[in-house]
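Novice: coords below, sequence missing:
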């Protein structure tokens, strides 16, 4: 396949084999230098054909700490190991240099240093405004960190001047309130960036790659594209940068920094494209690109010279190689849910991926390590949802004889419901890929096949995997007050999310109440669907805020932006006590005596599901190798379902984090 994206590009004196970048993002896989897990993670993308990787930001000074550090020579051996390993696979690698300013704490959770005593939006408190001596200390800290990268054999460094971190704070008049030579005019506000890059260049010389990441803010009064164009022009004129990584957003609108599936392809370009326009050094852009065809179009149009595909290469580290070999249909798709990558940093304290369970565990779960089984077995998987299909896929890769039995008429389980919701059709891409793959690998797929215990045993399979999923609970249970079931749940105008999204045309009335007892995306999908139908929505939840499980992956923020454009009322910290015709009774979670009645023509109950595990219970003790996975084990989410299916048929792995297999 011939595309411009496959052409090499030279940055300073470093040749990069193609135009695909893997820009900096959090992994939490290392602290100093690079751990074995971090090396394995990057090597997988290098082997997969990526041209350039920029490693996640490493703190340059203890006045703002991150999960990674570059503050002493202890990092150099790790840098050398990483450089050796990725260079052997043909990939170039830069290191991002980071200071968080008011977005971070200093060591010991002390206040960080920042341009001014102005708190940021992320609740880290009021920072310490730097004096001239402290500014010079940080400038030299950046330079020393760059020199360690050079000594460690890496190919370059990137100054993180975007996304609301310290250099970005100096650039922003919202938080830089200084009246000295470091604040005021654009020329003064850019001084910190200029002096830092001058110090770095002085330490590493003219031939070592030095670049910068910049982004305009969406917050009124902050640094905008016009300001940054002046900054870039000044840096180019002085030859301080060898590349520009143009991004978008900051902590005031974090959900714009890592867009979910609700945002369109290239959503950052209206802003980042302005920054890149007319720049002479190589330019990198991002924006939820998923395929090399999409990246190629951006390069052909002249918007950028390189395109970053981060989440797409998290989902499939072999994206570039598969595309070059004409195997595009085999690329595992990123669905843009942010649940494992961004959300995993908060939920599991390490990077993960909803669709790729090997992420962060490449040392022993990379699919390159899968070998044909020494003694192929007959494996029977009951249930064709995401967990069951993943188990069948991996077992087939190992050369086993695999039967996948699904009682319904479609594979995909509850994802077939989820993908019906507005802004959510992309979630169906992963089950489409799984279905294509199990057929391609020769799995014996039996649709419309309901199996009872005797039917399962009659197959005489060596391994039985039960992936029968879960069903909505309809008894009015709510986790905040479990002894007080909601009354009236059997009335005809009370629906589950499945009833709403998959049912025929319903008379919903004008006012619909959603009870969200879970805090995940299910209730958001219902609200979007209801607004599409033109009705008003009242959202009642026991949680103190909106969809709390969706906050760390930014889906909640994106959703609120949409929902508040409609007739939407949010009532947190409440319990649904009773449903009546045309109305419901609710009360504060901690004050059941303070009851009030509100209108509700239709009620949608989003509560915890019940596992469908009856078949497993009947087979328990009657078969030597029996496994229960996915929602049938415990109703959770898509990431856990796929991880369960994957690990059910892989060799036992070390106990690490929250993704270790549970053997039933």
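Specialist: Now that the structure is in, tell me what you want to look at. In this text, all values refer to a predicted model and were calculated from it rather than measured experimentally.
Novice: For residue 212, which residues count as its bridge partners?
Specialist: Applying DSSP bridges to residue 212 gives these bridge partners: residue 159, residue 244.
Novice: Residue 514: neighbour count?
Specialist: The number of residues packed near residue 514 is 25, by other Cβ atoms under 10 Å. (C-beta placed from N, C-alpha, C; glycine too.)
Novice: now it, what's its secondary structure?
Specialist: Secondary structure assignment for residue 514 (DSSP: H, G, I helix; E, B strand; the rest coil): strand.
Novice: what's the answer for the one 10 residues further on, then?
Specialist: Under three-state DSSP, residue 524 falls in the helix class.
Novice: And it, how close does it get to residue 104?
Specialist: Using Cβ to Cβ, to the nearest Å, we find residue 524 at a distance of 30 Å from residue 104.
Novice: Residue 319 now?
Specialist: 32 Å.
Novice: Looking at those two, which one has more neighbours?
Specialist: Comparing residue 319 with residue 104 by neighbour count (other Cβ under 10 Å), the higher total belongs to residue 319, at 27 against 23.
Novice: correct me, but the more buried one touches residue 313?
Specialist: Yes - Residue 319 is within contact range of residue 313, at 5.3 Å (criterion: Cβ atoms under 8 Å).
Novice: which neighbours do those two share?
Specialist: Jointly contacting residue 319 and residue 313 under the rule Cβ atoms under 8 Å, 6 or more residues apart in numbering are residue 48.
Novice: any idea how this structure splits into domains?
Specialist: According to automatic domain parsing, the chain comprises the domains 4-365, 372-471+611-648, 494-608.
Novice: Return, as residue ranges, the portions of this structure with sub-threshold pLDDT.
Specialist: For the chain, the stretches with pLDDT under 70 are 1, 651-664.
Novice: which phi and psi does residue 206 have?
Specialist: Main-chain torsions, residue 206, degrees, to the nearest 10: phi -80, psi -20.
Novice: what does residue 110 give?
Specialist: In terms of degrees, to the nearest 10, the main-chain angles of residue 110 are phi -80, psi 160.
Novice: what number of residues lie near it?
Specialist: 13.
Novice: Could you do the one 10 residues further on as well?
Specialist: Number of residues near residue 120 (other Cβ under 10 Å) recorded here: 23.
Novice: was I right about it contacting residue 164?
Specialist: Yes - shown here, residue 120 and residue 164 form a contact pair, counting by Cβ under 8 Å, at 6.7 Å.
Novice: Now the common contact residues for the two.
Specialist: Common neighbours of residue 120 and residue 164 (Cβ under 8 Å, 6+ apart) are 101, 103, 251.
Novice: Of the residues you listed, which is the most crowded?
Specialist: Compared across the shared contacts of residue 120 and residue 164, residue 101 has the highest neighbour count, 26 neighbours, by other Cβ under 10 Å.
Novice: Output the contacting helices and strands for the lengthiest helix in the chain.
Specialist: If you go by DSSP state H, the chain has its longest helix at helix 132-151. For helix 132-151, the packing partners by 3 or more Cβ pairs under 8 Å, 6 or more residues apart in numbering; DSSP states H and E come out as helix 76-88, strand 92-98, strand 156-160, helix 191-204.
Novice: Against residue 611, how distant is residue 43?
Specialist: Taking Cβ to Cβ as the measure, residue 43 falls 38 Å from residue 611.
Novice: who has more neighbours, these two?
Specialist: A direct count of neighbours by other Cβ under 10 Å for residue 43 and residue 611 places residue 43 higher, at 21 against 17.
Novice: Contacts only, for residue 542.
Specialist: Contacts for residue 542 were tallied using Cβ under 8 Å, 6+ apart; they are 478, 479, 480, 481, 517, 573, 574, 575, 589.
Novice: Distance check, the fifth one against residue 548.
Specialist: Separation of residue 517 from residue 548 (Cβ to Cβ): 12 Å.
Novice: quick one, helices of the stretch 451-600 of the chain?
Specialist: With DSSP state H, counting those that start in this stretch as the criterion, the stretch 451-600 of the chain has helices at 453-458, 497-502, 522-532, 555-563.
Novice: Please identify the deepest-packed of those.
Specialist: helix 522-532 (a mean of 22; mean count of other Cβ atoms under 10 Å).
Novice: Show me what that one is packed against.
Specialist: Short answer (3+ Cβ pairs under 8 Å, 6+ apart): helix 522-532 packs on helix 497-502, strand 511-516, strand 536-541, helix 555-563, strand 602-606.
Novice: Out of these, which gets nearest to residue 615?
Specialist: Closest to residue 615 of the helices and strands packed on helix 522-532, according to Cβ to Cβ: helix 497-502, at 20.7 Å.
Novice: which residues touch the closest one?
Specialist: 414, 417-418, 420-421, 472, 506, 522-523, 525-526, 529-530, 604, 606.
Novice: just curious, which of those residues is nearest to residue 379?
Specialist: Residue 379 has its nearest neighbour among these in residue 414, at 23.0 Å by Cβ to Cβ.
Novice: Let me see the contact set for that closest one.
Specialist: By Cβ under 8 Å, 6+ apart, the contact list for residue 414 reads 385, 469, 470, 498, 631.
Novice: Next up, the contacts around the residue nearest to the last one when sequence neighbours are not counted.
Specialist: Leaving aside its chain neighbours, residue 631 sits nearest to residue 470 (3.8 Å; criterion: Cβ to Cβ, 6 or more residues apart in numbering). Residues counted as contacts of residue 470 (Cβ under 8 Å, 6+ apart) are 414, 609, 610, 611, 612, 631, 632, 635.
Novice: these two touch, right, the third one and residue 635?
Specialist: Put plainly, it is residue 610. Yes - using Cβ under 8 Å, residue 610 is in contact with residue 635, at 7.2 Å.
Novice: Look at these two and report which has more neighbours.
Specialist: Neighbour totals were compared for residue 610 and residue 635, and residue 635 leads with 21 against 15 (other Cβ under 10 Å).
Novice: Surely the more buried one is in a strand?
Specialist: No - Residue 635 sits outside any strand when classified using three-state DSSP, being coil.
Novice: From residue 339, how far out is it?
Specialist: According to Cβ to Cβ, residue 635 and residue 339 sit 15 Å apart.
Novice: what do you get for residue 129?
Specialist: Counting by Cβ to Cβ - residue 129 and residue 339 are separated by 38 Å.
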